[in-house]
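[1] Structure here, sequence nowhere to be found:
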């Protein structure tokens, strides 16, 4: 199936103060289909005036939204969730067109997004305060109140799920939002925002902008309107934005990159582990911050695990996301393709063996073959640099303590994975792996009912679960003396 079956690319606009509009000066940037390298549309780049309008709208929207009774707020958000569910197939098609992932993955992402919103809706009704026992004549209470307008920044790898984790948490908590979505996947973000707008969200409560990243972040973070900075993305950019927020004494929520180790223990089933790990590795072409990316396998299981992992890798069907048999699409941009080529070449130069893949197919698009590397030395860049690509380095270990030391040796601590049939070993992995997310005997992704987030350089704060609203709420102590 060719990309001729793809939908027509929609016009993209900013959404400010309840209105869809072009950039003030008409500037745009091209949007490229990563499966063909063809320009398919344009994204407006917000000016300073546009950003100031969005901030003013967010300030006005917050005054309205925070005073809206929670039952009324959640009714609007439930309608938005229903619209996301209804439009998930259409949103998925736009996502595949501009981001490249297989259509099934894109549609599934949109559908899960609606469930994430529904979870946060219910949590909004349980954002309880409390009354503290006090002396007669005094009422001592604790209130949980929305922090204020939020400046949110999200990348391109999950074009609807990423923005919605910020939007749904903020709106459920009673905050307004200015969100800067990726200029590479703008139509998907706009389709998500349209669901909220069409659900009856008051003007200014949600605002969508695109633009030069540094200019947008400088303006939004420095503004006195903004009360929280929420970011998902790379460690270097996260540190930069966190520093900007710190300069103006604003809290931030940082969900940053990782380099997730997978430890396959001596008592694990190597075939089961290989199949599950390979499936997770090549999901979204490896462009997932929690993607398993360093495979540490006990020497007694190494050959069997590697052989099965290679088999599973060679079953991956690489192609246009609209082709019905495709199980892995292209990388989303030329930068990721260049990084995949660079990391593979570096590993080979240092002595690694390419067991399968390792090359860019001779076709248009940002495709890279799913790649398995063995004999990878510790000093290969891929052992310390997050690949964010379909690359899998596999190395053996003899002692579990050594494997744990290697797994924890990097400054990252987002996700980690372990495979073992021993309860004692599972507990050891749980206690000693330095990560905010640990999965044992599977490589499952984030779920809306449980918290996700990192430690060390992988960030701070949590998204998902009852903890999801914490960053968006402030705790106020009220002491009321009667008489």
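    Nice, thanks for sending it over. A quick note: this is a predicted structure, and the numbers were derived from the prediction, not measured.

[2] Tell me the spacing between residue 154 and residue 162.
    For residue 154, the distance to residue 162 (C-beta to C-beta, to the nearest Å) stands at 4 Å. Just so you know, the C-beta spots here come from the backbone N, C-alpha and C atoms, and that holds for glycine as well.

[3] Neighbour count for these two, which is higher?
    residue 162 (29 against 26; other C-beta atoms under 10 Å).

[4] is it true that that one touches residue 153?
    No: between residue 162 and residue 153 there is no contact under C-beta atoms under 8 Å: 9.8 Å.

[5] list residues touching both of these two?
    residue 232 (C-beta atoms under 8 Å, 6 or more residues apart in numbering).

[6] Which neighbours do residue 154 and residue 162 have in common?
    residue 232.

[7] Buried ones in stretch 322-341, by neighbour count?
    322-323, 326-333, 336-337, 339-340 (16 or more other C-beta atoms under 10 Å).

[8] could you give the mean pLDDT of it?
    Mean per-residue pLDDT for stretch 322-341: 97.

[9] The stretch 151-300 of the chain: helices as residue ranges?
    With DSSP state H, counting those that start in this stretch, the ranges of helices along the stretch 151-300 of the chain come out as 161-173, 186-198, 213-222, 235-247, 270-281.

[10] Nearest to residue 452, out of those helices?
    Of all the helices of the stretch 151-300 of the chain, helix 161-173 sits nearest to residue 452, with 8.7 Å by C-beta to C-beta.

[11] Now the closest one: average pLDDT?
    97.

[12] Show me what it is packed up against.
    helix 70-99, helix 103-124, strand 150-153, strand 177-180, helix 186-198, strand 228-232 (3 or more C-beta pairs under 8 Å, 6 or more residues apart in numbering; DSSP states H and E).

[13] now the buried residues of stretch 322-341 as a markdown table including secondary structure and distance to residue 78?
    Shown next, in a markdown table, are these (DSSP: H, G, I helix; E, B strand; the rest coil; distance: C-beta to C-beta, whole Å):
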| residue | secondary structure | distance to residue 78 |
| --- | --- | --- |
| 322 | coil | 32 |
| 323 | coil | 36 |
| 326 | coil | 34 |
| 327 | coil | 34 |
| 328 | strand | 35 |
| 329 | coil | 32 |
| 330 | coil | 36 |
| 331 | coil | 36 |
| 332 | coil | 32 |
| 333 | coil | 35 |
| 336 | helix | 37 |
| 337 | helix | 41 |
| 339 | helix | 41 |
| 340 | helix | 42 |
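
[14] Looking at the helices of the stretch 151-300 of the chain, spot the one closest to residue 47.
    helix 213-222 (8.9 Å).

[15] Please work out which residues outside that closest one touch it.
    46, 48, 51-52, 55, 151, 153, 178, 180, 209-210, 226, 229, 237, 241, 244-245, 248, 250.

[16] can you rerun that using 6 Å?
    The contact list for helix 213-222 (C-beta atoms under 6 Å, 6 or more residues apart in numbering) reads 51, 151, 178, 180, 226, 229, 241, 244, 245.

[17] Residue 293: which of those is nearest?
    residue 241 (23.6 Å).

[18] Would you quantify the distance from the residue lying closest to the closest one once chain neighbours are set aside to residue 478?
    Excluding the flanking residues, the one nearest residue 241 by C-beta to C-beta, 6 or more residues apart in numbering is residue 231, at 5.2 Å. Computed as C-beta to C-beta, the residue 231 to residue 478 distance reads 32 Å.

[19] same question, residue 300
    61 Å.

[20] again with residue 68
    Distance from residue 68 to residue 478, by C-beta to C-beta: 21 Å.

[21] OK, contacts around the most centrally placed residue in the chain?
    Nearest residue to the geometric centre of the chain (C-alpha atoms, centre = their mean): residue 162, 4.7 Å. For residue 162, the residues meeting the contact criterion (C-beta under 6 Å, 6+ apart) are 154, 232.

[22] Residues contacting stretch 108-118, please?
    Against stretch 108-118 from outside (C-beta under 6 Å, 6+ apart): 81, 84, 85, 88, 91, 92, 160, 161, 164, 168, 448.

[23] let me redo that: stretch 383-399
    257, 259, 281-282, 285-287, 293, 295-297, 299, 302, 306, 336, 340, 343, 370-374, 376, 382, 403.

[24] Mark which of these are buried, thanks.
    Buried among the contacts of stretch 383-399 (16+ other C-beta under 10 Å): 257, 259, 281-282, 285-287, 293, 295-297, 302, 306, 336, 340, 343, 370-374, 376, 382, 403.

[25] Report the secondary structure state of residue 435.
    coil (DSSP: H, G, I helix; E, B strand; the rest coil).

[26] Please tell me how far it sits from residue 415.
    From residue 435 to residue 415 the distance is 6 Å (C-beta to C-beta).

[27] And for residue 198?
    Residue 198 is 35 Å from residue 415, by C-beta to C-beta.

[28] Same drill for those two, tell me which one is more crowded.
    Neighbour totals were compared for residue 198 and residue 415, and residue 415 leads with 29 against 12 (other C-beta under 10 Å).

[29] how far away is the more buried one from residue 289?
    Relative to residue 289, residue 415 is positioned 8 Å away (C-beta to C-beta).

[30] intersection of neighbour lists for the two?
    What both residue 415 and residue 289 touch, as defined by C-beta under 6 Å, 6+ apart, is the set residue 258.

[31] low pLDDT regions in this protein?
    Along the chain, segments meeting pLDDT under 70 span 1-6.

[32] Can you give me the domain assignment for it?
    3-256+457-478, 260-447 (automatic domain parsing).

[33] Looking at the helices of the stretch 151-300 of the chain, which one is packed in the most?
    Across the helices of the stretch 151-300 of the chain, the average number of neighbours (mean count of other C-beta atoms under 10 Å) peaks for helix 161-173, which reaches a mean of 28.
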